[in-house]
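> Attaching a predicted model along with its sequence, questions to come.
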Amino acid sequence: VLEGVSSVTGPIGAVIGAVVFVGTDVYMAVKRVDKIDQLIHLTGKERFVEDLRAFIGMQPEQYIKELMEEKQLYNQLVKQGFEYLKQHSDIQSYVFPIGQKVDLDSTVLLDRKRTDIKWSRVRPDNPDEGQVFCVPQGNYEPAPSYGSYLCKNAIGLSANKTGSHTLISLEEGKDYAKGFLNSPNIFVVNNGSKEYYGGNKDDIFVLQADFVNGYLSGEGGVNTLDITSFAFKEEPLNIQLDIGEIADFSRSNWLKICEMNKIIGRKDKAETITVSCDGCNSNVKLIDGQSGKKEIKDRINIMDDSCNYQMQIIVRSNTVVYNRALKGSFDYVVPLNNRGSAELSFIYGPERFDVNNKFWFAYEPVDIKSIDVKYVNVFNRTEHEVKFNFIKSDKEFNITISYPENPLYMLGNNGEIRIGSKDNLYMLQNSNESAEEIIRNYLPIANRLSKMSFFIQSLLSNETVVIGSGNYEVIHNNPQHKSHLVGNGGENVYVIDSE
């Protein structure tokens, strides 16, 4: 859905200056008055006057000419807006400003239909395979008895297709907008003063401004705050979800934010993101800072509130995560194509915390360069700090994880790494390879990772392969399956059990 939206800067406004009015042809036509009437619906008096003026070769009255030009402009805008909709299959409706003025103030209310609205004579025509559902008010005729949506200095257009999102892009200025309640909205937030409200579905707020202030509220649903193209010159950007605020250091960009559930940061730009389960942003589900810089890293702070967090964090290079949660479940996703480092630190205390931490590495066992584990005794129990070093396509990435509670380490091919005591590491995995292929492919990995033992189940042959770490070990077979025990050097004891 976001594809193409992040670059929306107003495909309509950029081409208004190219509108060529066809009024000259209308004036010179034999049935000039009929064409004028068809365009702007003349009153009886106006029809009489224009018939007379046409008969004696006079031009239409000035205000008639202005109405005609305005109507043609609106029709041209609708045509261009509809072309935009045809190019974006996920967007069903589009709301855009009516003019070129960069500081045009607009109001758009799509939360309910209103019955006190009157339409203008220059209301644009409905396009084929679509309709105009929101236009600036006038005093020509009342809207239908079932009401109409309110648009000031803006036009709302929808296409007859299966897409469900409404794109609201009001350019610069002082703008106020409420999206549809029962379908998702995409708000493009440009320079100026903005006050935008979503609906009951999953809304997206795309920040593209360099100077903006105001208030953004997702309302219901699972809502996304996308700052990928926001305030490029400002570092770091401070996103305090705990108090509902996003601001740069000088506060030239300052927004109150509420009911935001997913945060997408700027690529290779630093942000400090603070998350709490208090306040109106209490249900954060996803954070992706998209990496900071080596000099100024992304920092993600999880507050120590007594609530049940349920969150996914995308961990990229130049990212530091401080997790002080006392309760909840966290998934940390480490994608490929990282270069550099990341750090994750966790709070610990005399009592165990009810926190589950799952780490999902997109890397495979062959991508592991090294795993280093340090053990520390805290509050009469042993905790660990582990540093994973991966290398993929000549890109080296390491991630240090300090003192996680209830950790689970997963690799991209459903492998699981377990950290035991006394520097023992274990790899558990199911594989579609044969036992012979597993031994051939994993033995070099085991030699490189000298502290890791491998327990791999071949789904192809229903056999178990156990590869030792090369140290002194007691190696057991799997009594339920044919087993291949590979000592991999060292002094080992083999224990053979039967069912």
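Happy to help now that I have it. Quantities reported herein were computed from a predicted structural model and do not represent experimental measurements.

> Tell me the pLDDT of G17.
What the model reports as pLDDT for G17 is 42.

> One more: S6?
pLDDT, read off for S6, is 49.

> What is the longest helix along the chain packed up against?
Longest helix of the chain, by residue count under DSSP state H: helix 62-87. Secondary-structure packing of helix 62-87 (3 or more Cβ pairs under 8 Å, 6 or more residues apart in numbering; DSSP states H and E): helix 23-28, helix 32-40, strand 91-97, strand 130-134, strand 154-159. (Each C-beta comes from the backbone N, C-alpha and C, glycine too.)

> What are the buried residues along it?
64-65, 67-68, 70-78, 80-82, 84-85 (16 or more other Cβ atoms under 10 Å).

> do stretch 219-239 as well
Neighbour-count burial for stretch 219-239 [16+ other Cβ under 10 Å]: 219, 221-231, 234-239.

> what does stretch 353-364 give?
Result for stretch 353-364 [16+ other Cβ under 10 Å]: buried residues 353, 355, 357-364.

> Just the ones of the buried residues of stretch 219-239 in strands?
224-226, 237-239 (DSSP state E).

> In TSV: these, plus pLDDT and distance to S345.
Formatted as TSV, these follow (pLDDT from 0 to 100; distance: Cβ to Cβ, whole Å):
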residue	pLDDT	distance to S345
T224	97	27
L225	97	25
D226	97	27
L237	93	22
N238	94	20
I239	96	19
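
> Next, give me the two most distant ones among these.
T224 and N238 (18.9 Å; Cβ to Cβ).

> Ignoring the adjacent residues along the chain, who's closest to N185?
In this structure, N185 finds its nearest non-sequential neighbour in G179, 3.2 Å apart by Cβ to Cβ, 6 or more residues apart in numbering.

> What of R418?
Y426 is the one closest to R418 (Cβ to Cβ, 6+ apart), at 4.4 Å.

> what's the answer for F180, then?
Using Cβ to Cβ, 6+ apart, the closest residue to F180 is L110 (4.8 Å).

> OK, contacts around that neighbour?
95, 134, 149, 156, 166, 177-180, 185 (Cβ atoms under 8 Å, 6 or more residues apart in numbering).

> before we move on, what about N338?
N338 makes contact with 291, 316-317, 390, 395, 397, according to Cβ under 8 Å, 6+ apart.

> gap between it and Y363?
9 Å (Cβ to Cβ, to the nearest Å).

> So for those two, which residues contact both of them?
Common neighbours of N338 and Y363 (Cβ under 8 Å, 6+ apart) are F390.

> which stretches of this structure have low pLDDT?
Counting by pLDDT under 70, the chain contains low-confidence ranges at 1-34, 36-38, 40, 42-43, 46-58, 100-103, 499.

> and if we set it to 50?
6, 9, 11, 13-30 (pLDDT under 50).

> where's the residue nearest to R418, which helix or strand?
Element membership for Y426 (DSSP states H and E) is strand 425-431.

> Parallel or antiparallel, which strands does that strand pair with?
Applying DSSP bridges, strand 425-431 is found paired with strand 416-419 (antiparallel), strand 452-458 (parallel).

> From the contact counts, what lies against the helix or strand just after it?
Per DSSP H and E, the first helix or strand lying C-terminal to strand 425-431 is helix 435-448. Identification of packing neighbours for helix 435-448 by 3+ Cβ pairs under 8 Å, 6+ apart yields strand 368-378, strand 452-458, strand 463-467, strand 482-486.

> So what touches helix 435-448?
365-366, 368-370, 431, 433, 452-454, 456, 458, 461, 463, 465, 467-470, 482, 484, 486, 488.

> Sort out which residues of that helix are buried, please.
435, 438-439, 442, 445-446.

> quick check: angle from that helix to strand 463-467?
Helix 435-448 and strand 463-467 are oriented at 20 degrees to each other (axes from the mean of the first three to the mean of the last three Cα atoms, to 10 degrees).

> can you give me how far helix 435-448 is from the chain middle?
Distance, stretch centre to chain centre, for helix 435-448: 40 Å (Cα atoms, centre = their mean, to the nearest Å).

> Which of the helices or strands spans N126?
N126 belongs to no helix or strand, assigned by DSSP H and E.

> Quickly note the distance from it to L73.
Counting by Cβ to Cβ - N126 and L73 are separated by 16 Å.

> same deal with K285?
K285 is 43 Å from L73, by Cβ to Cβ.

> all strands of the stretch 251-400 of the chain, in order?
For the stretch 251-400 of the chain, the strands defined by DSSP state E, counting those that start in this stretch cover 254-258, 262-264, 271-275, 286-288, 298-302, 309-314, 319-323, 327-334, 340-346, 354-361, 368-378, 381-392, 395-402.

> contacting residues around H165?
1, 90-93, 183-186, 204.

> What's opposite it in the beta bridge?
Counting by DSSP bridges, the residues bridging with H165 are I91.

> do the same with N301
N301 has these beta-bridge partners by DSSP bridges: T274, Y322.

> Let me see the contact set for it.
Per Cβ under 8 Å, 6+ apart, neighbours of N301: 272-275, 322, 324.

> Quick check on the residues you listed: which are buried?
272-275.

> Farthest-apart pair in those, please.
T272 and V275 (11.0 Å).

> Kindly check the end-to-end length of stretch 458-467 for me.
13 Å (Cα to Cα, to the nearest Å).

> leaving aside the residues next to it on the chain, what's closest to Y215?
Nearest to Y215 is K256, by Cβ to Cβ, 6+ apart, at 4.6 Å.

> Equivalent analysis for P127, please.
In space, P127 is closest to F82, 4.7 Å off (Cβ to Cβ, 6+ apart).

> was I right about that neighbour contacting G130?
Yes. Using Cβ atoms under 8 Å as the test, F82 is close enough to G130 to be in contact (5.5 Å).

> Spit out the residues that contact the two alike.
157, 159.

> buried subset of the contacts of helix 435-448?
Buried among the contacts of helix 435-448 by 16+ other Cβ under 10 Å: 365, 368, 431, 433, 452-454, 456, 458, 461, 463, 465, 467-470, 484, 486, 488.

> Kindly provide the distance from Q480 to Q429.
For Q480, the distance to Q429 - Cβ to Cβ - is 17 Å.

> Compare those two (neighbour count), which wins?
Q429 (19 against 10; other Cβ atoms under 10 Å).

> So what pairs up with I401 in the strands?
Applying DSSP bridges, one finds that I401 bridges with L344, V386.

> Now do the contacts for it.
343-344, 359, 385-388, 407 are the contacts of I401 under Cβ under 8 Å, 6+ apart.

> next one: Y149
108-110, 113-114, 133-134, 156.

> Tell me the one of those residues nearest K267?
V108 (30.3 Å).

> Check which residues of the helix or strand harbouring Y215 are buried.
Secondary structure assignment for Y215, by DSSP H and E: strand 212-217. Across strand 212-217, burial judged by 16+ other Cβ under 10 Å covers 212-214, 216-217.

> will you turn those into CSV that also has distance to Y140?
What follows is those, written out as CSV (distance: Cβ to Cβ, whole Å):
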residue, distance to Y140
V212, 36
N213, 37
G214, 33
L216, 35
S217, 35
